[in-house]
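Trainee: Task: produce atomic coordinates for the following.
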Amino acid sequence: METFLERERTSQTVFKQSSPYISESARADGFYLGKSRTFCLPTEYAEQNLFPEIQSPALAYFATHKIKWHQGENDKPNNHMCSSQVCCVNFLFPFSKNPEALAHVLRPIFPIQAMLPIENGQYVAFEWIGEKDYLCEKGAHSGPRTRGANCTSADSAVMFQRTDGRKQIVLIEWKYTESYGESSLKISKSGRNRTSIYNHLFIDDCPIKKDLLPSFESLFYEPFYQFMRQQFLADKMEKAHELGADIVSVLHIAPAHNYDFRKITSPDLQELGDSATQVWKSLVKNPDSFISIYTEQLFGNLSLKELPEMNTWVEYIQARYTWIREPL
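Mentor: Numbering: from 1, shown residues only. The predicted model follows:
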């Protein structure tokens, strides 16, 4: 059976060859991990992996904040058209200057009174690592903390005033074509035991129901390893009242059509749910601190009438990510 990633490679190849959003020169095969691939852009045209209207501002934003483009070159995005980071930026960056539209999208999930700017007047931030090294990760890597590399980074973050008057930050974990195997990440490539990095967070006032876990090591399988670090970051940000926030939570967004992602990869967590996100939901102490929603639920039913100022973006998203409107 064809995986979601295999399907998207084909779909993105078709988009590249036929879409008016891609220039003729950029339709050539691109090199990725040393091989020529139809679903990649030539690296010199990698900026065309982004929605045309955000190419310049997104590149400027990443450069200003020294944010790492995952596997990008020369301060440009990844040339792989199935890049999760590129997908996240394509979906969310257009909302960074449009708080009303952003509130319209998120209001079915959260009690939003009004969106609040989170960074330099923008309403969406990317690769958010927190104002402080809350997880004490700097000692695990050499050099300063870099957004998008070498420390826990939320793919994006938003902030809003709630209808009850409290201020909330939401860390967004974005998925696209990801799927994971049953390999433990407990030991890093350098030979370091990662449990030593995060154990102080686990034994502290932990946001996870430790009584349900066979062991701390059972969390060191993707995507649980990411879920754990995102939840720790949200918990520490909330306790520190970062940016004046009273509540900090995690929102996980992934395609319903990517069945491959749902696999429960940690052998010891198989009995806690039917999918990876369901397992994690059962493990967090506060049920409101982790919400998982399908990309199709958030963006699949957006109409041009509801967001008239974003018509070109809606058309682009529906043309490029065709699964967004397919029946669940």
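
Trainee: Let me know the secondary structure of residue 127.
Mentor: strand (DSSP: H, G, I helix; E, B strand; the rest coil).

Trainee: Correct me if wrong: it contacts residue 154.
Mentor: Yes - contact status for residue 127 versus residue 154: in contact at 7.3 Å, counting by C-beta atoms under 8 Å. Heads up, the C-betas are built off the backbone N, CA and C, glycines and all.

Trainee: where does the chain have low pLDDT?
Mentor: 139-143 (pLDDT under 70).

Trainee: Run through the helices of it in chain order.
Mentor: Remark: helices assigned in the chain by DSSP state H are 4-18, 55-64, 84-92, 99-106, 195-203, 224-240, 276-283, 295-299, 311-320.

Trainee: got the angle between the first one and helix 84-92?
Mentor: Here helix 4-18 points in a direction 60 degrees away from that of helix 84-92 (axes from the mean of the first three to the mean of the last three C-alpha atoms, to 10 degrees).

Trainee: Residue 111 contacts residue 161, doesn't it?
Mentor: No - counting by C-beta under 8 Å, residue 111 stays clear of residue 161, with 9.7 Å between them.

Trainee: Look at those two and report which has more neighbours.
Mentor: Legend: neighbour count by other C-beta atoms under 10 Å for residue 111 and residue 161, higher for residue 161 (15 against 12).

Trainee: for that one, what are its contacts?
Mentor: 112, 113, 114, 116, 167 (C-beta atoms under 8 Å, 6 or more residues apart in numbering).

Trainee: of those residues, buried ones?
Mentor: Neighbour-count burial (16 or more other C-beta atoms under 10 Å) applied to the contacts of residue 161 gives 112, 116, 167.

Trainee: tell me the contacts of the last one?
Mentor: This means residue 167. Residue 167 makes contact with 116, 159, 160, 161, 243, 244, 245, 246, 247 under the criterion C-beta under 8 Å, 6+ apart.

Trainee: Just the closest of these to residue 212, please.
Mentor: residue 247 (23.4 Å; C-beta to C-beta).

Trainee: I'd like the distance between the closest one and residue 159.
Mentor: Counting by C-beta to C-beta, to the nearest Å, the gap from residue 247 to residue 159 is 10 Å.

Trainee: which neighbours do these two share?
Mentor: 167, 168, 169.

Trainee: how about these in TSV, adding distance to residue 145?
Mentor: TSV is the format used below for these (distance: C-beta to C-beta, whole Å):
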residue	distance to residue 145
167	24
168	24
169	18
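
Trainee: So for stretch 314-328, first residue to last residue, what's the gap.
Mentor: 19 Å (C-alpha to C-alpha, to the nearest Å).

Trainee: Same list (the helices of the chain) but as a markdown table, adding mean neighbour count and distance to residue 35.
Mentor: Output for the helices of the chain, formatted as a markdown table (neighbours: other C-beta atoms under 10 Å; distance: least, C-beta to C-beta, whole Å):
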| stretch | mean neighbour count | distance to residue 35 |
| --- | --- | --- |
| helix 4-18 | 17 | 13 |
| helix 55-64 | 16 | 26 |
| helix 84-92 | 23 | 19 |
| helix 99-106 | 18 | 37 |
| helix 195-203 | 15 | 34 |
| helix 224-240 | 22 | 27 |
| helix 276-283 | 20 | 30 |
| helix 295-299 | 18 | 28 |
| helix 311-320 | 17 | 23 |
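
Trainee: Would you format those as CSV with distance to residue 213 included?
Mentor: As requested, those are exported to CSV (distance: least, C-beta to C-beta, whole Å):
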stretch, distance to residue 213
helix 4-18, 29
helix 55-64, 37
helix 84-92, 27
helix 99-106, 31
helix 195-203, 9
helix 224-240, 10
helix 276-283, 7
helix 295-299, 29
helix 311-320, 38
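
Trainee: can you tell me which residues contact the nearest residue to residue 117 once chain neighbours are set aside?
Mentor: Spatial nearest neighbour of residue 117, excluding adjacent residues (C-beta to C-beta, 6 or more residues apart in numbering): residue 123 at 5.6 Å. Residue 123 makes contacts with 95, 96, 97, 98, 99, 102, 115, 116, 117, 158, 159, as judged by C-beta under 8 Å, 6+ apart.

Trainee: For residue 123, give me the backbone phi and psi.
Mentor: phi -100, psi 0 (degrees, to the nearest 10).

Trainee: now do residue 301
Mentor: Here residue 301 shows phi and psi, under degrees, to the nearest 10, equal to phi -110, psi 10.

Trainee: ok so, going back, return a PyMOL selection command for the buried portion of the contacts of residue 123.
Mentor: Selection of buried members from the contacts of residue 123 for PyMOL, criterion 16+ other C-beta under 10 Å:
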select buried, resi 95+96+98+99+102+115+116+117+158+159
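
Trainee: Which of the contacts of residue 123 fall within strands?
Mentor: Among those, the ones falling in strands (DSSP state E) are 115, 116, 158, 159.

Trainee: Done for today, thanks.
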